[in-house]
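>>> I need the structure of the sequence given here:
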Amino acid sequence: MSPAGGPVGEPEEETALISALRAGEDAAFEKLVRCYSARLLAVARRMLQDEDDARDAVQEAFLSAFRGIDSFRADSRVSTWLHRIVVNTCLMKLRSRRRRPETSIEDLLPRYLEDGHHADAPVEWSEAPESALEREEVRTLVHTSIGQLPETYRTVLLLRDIEELDTEETARMLGVSANAIKIRLHRARQALRGLLDPHMREAR
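Now for the predicted structure:
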């Protein structure tokens with residue numbers, strides 16, 4: 001059995017849960033919410049950057065899952081299915097927000113001289129990114145820096161690098177070409193590196 005409040009683990013347990021949901025059992029829906037709400041809320045918070053919107057998105061995602069339970073395919077995990085639903089719900093909320101003029105990403109990108117060299121030479125970080133991310137304060141810094149990116153680029157970075165969607169699926173969700181996703185992701189990563197560099201570079 002899964003631990004209280006944790007995701008459903010064994011395939012047999014997932015199958016039983018889906019069967020109960022399809023039968024309309026209230027206890028099954030309560031279990032679905034109890035097991036997955038924390039994980040989905042974390043996703044929604046990252047994408048929407050607003051607590052109320054994030055909670056609304058998770059609630060809407062659960063309702064969509066409950067209404068669409070018959071469309072669930074047994075060849076995928078419940079967690080994966082719910083993750084896609086909440087990501088789509090968040091994207092719809094982002095699209096429905098009043099459109100604000102988006103800040104340019106250009107000021108966050110590396111500057112180059114006419115000969116192609118960096119205007120500001122890159123400096124090595126004091127530790128490997130993988131090691132740094134093990135520390136809570138660095139993870140917080142990364143999330144804060146991602147939040148400073150223009151929404152167009154922030155969304156792509158979140159979907160590809162944090163939520164781990166592939167290029168094609170990200171392109172379908174955002175309604176753009178795969179090539180556009182690759183370009184936005186590259187620029188978002190460059191900008192994020194620029195935001196992190198002052199905090200992570202080796203002391204001189």
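
>>> Give me the below-cutoff pLDDT ranges for this structure.
1-11, 98-101, 110, 112-134, 201-204 (pLDDT under 70).

>>> tell me the domain boundaries of it?
11-96, 106-200 (automatic domain parsing).

>>> so which of those is the most packed in?
domain 11-96 (a mean of 16; mean count of other Cβ atoms under 10 Å). Where you see a C-beta, it was placed from the backbone N, CA and C, and this is true even at glycine.

>>> residue contacts, L91?
Contacts for L91 (Cβ atoms under 8 Å, 6 or more residues apart in numbering) come out as M47, T155, M173, L174.

>>> you'd agree the second one is up against L94?
Looking back up the chat, that one is T155. Yes: with contact defined as Cβ atoms under 8 Å, T155 counts as touching L94 (6.8 Å).

>>> Now list whatever residues contact both of these two.
Residues touching both T155 and L94 by Cβ under 8 Å, 6+ apart: M47.

>>> residue boundaries of the helices in this protein?
11-22, 26-48, 51-67, 78-96, 129-132, 136-147, 151-157, 167-174, 178-200 (DSSP state H).

>>> Out of those helices, which is closest to E106?
helix 178-200 (9.2 Å; Cβ to Cβ).

>>> Any chance of the contacts of L91 in JSON lines with distance to H199 as columns?
Shown next, in JSON lines, are these (distance: Cβ to Cβ, whole Å):
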{"residue": "M47", "distance to H199": "24"}
{"residue": "T155", "distance to H199": "23"}
{"residue": "M173", "distance to H199": "31"}
{"residue": "L174", "distance to H199": "30"}
